[in-house]
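**Student:** Prediction below, plus the sequence it came from.
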Amino acid sequence: MGFIRTTPRLILRPLTQNDWEDLAQILQDDQVMYAYGHHFQDADVQQWLDRQQQRYRQHGFGLWAAVEKQSGHVVGQVGLTLQPCLGRQVLEVGYLLKKRYWHRGYAREAAASCVQYAFCQLGATRVHAIIKCDNQPSLRVAQALGMTCRQTFTTRYYAGDMRHYLYAIDAPPQ
């Protein structure tokens, strides 16, 4: 299956077609996806899954299933993607968890592992997080990772123009 990474409480692994229902629980929860300003239909969920699998083939990374070791349940998706931002491509760490798994530190734990992977295995010099300005939980995760706000900008999502922060952390000196 390729990539598998573990943290103290989670296993990060590629999403498969068998994860469609778990992915739908995330993407079709309007509270989880409020920052996107779009209600995801079944076809959108499949496109999202297909896009991750294409990212695995093309780049060797994407958003991965975050599976709780103790229960074996998919708690969310966390990973790395290349995102267009301010006229360039940036390596972004992203995290979306099922609402029932919020406030347990899973996003921070998995995202920290992804940042370490980006620096140590991919040789990245910087990892970003693109966060809607009012998304306080995501801002707290980015700050806990040691990221700092580098820029404020407006970008267009499904619901129109939205203000965002570009957070980043640089690789430690060698």
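**Tutor:** Right, received. Where do you want to start?
**Student:** ok, the residue most central in space within the chain - contacts?
**Tutor:** Taking CA atoms, centre = their mean as the criterion, Gly94 is the residue nearest the geometric centre of the chain, at 1.8 Å. Taking CB atoms under 8 Å, 6 or more residues apart in numbering, we find Gly94 in contact with Leu63, Gln77, Val78, Gly79, Leu80, Thr81, Ala129. All C-beta atoms are positioned from the backbone trio N, CA, C, and that covers glycine.
**Student:** just Arg51 next, same as before
**Tutor:** Listed by CB under 8 Å, 6+ apart, the contact set of Arg51 reads Gly62.
**Student:** mind checking which helix or strand it is in?
**Tutor:** Here Arg51, judged by DSSP states H and E, is contained in helix 42-59.
**Student:** those helices in the protein, which residues are they?
**Tutor:** According to DSSP state H, the chain carries its helices in the segments 20-27, 42-59, 106-120, 136-144.
**Student:** Tell me which other helices or strands the shortest one touches.
**Tutor:** This points to helix 20-27. Using 3 or more CB pairs under 8 Å, 6 or more residues apart in numbering; DSSP states H and E as the contact test, the elements touching helix 20-27 are helix 42-59, strand 74-85, strand 88-97.
**Student:** The longest one to helix 20-27, inter-axis angle?
**Tutor:** Spelled out, that is helix 42-59. Angle of helix 42-59 versus helix 20-27, following axes from the mean of the first three to the mean of the last three CA atoms, to 10 degrees, is 100 degrees.
**Student:** any idea of the mean pLDDT for helix 42-59?
**Tutor:** Over the span of helix 42-59, the pLDDT mean works out to 96.
**Student:** And it, what's buried?
**Tutor:** Neighbour counts over helix 42-59 (16 or more other CB atoms under 10 Å) mark Asp44, Val45, Trp48, Leu49, Gln52, Arg55, Tyr56 as buried.
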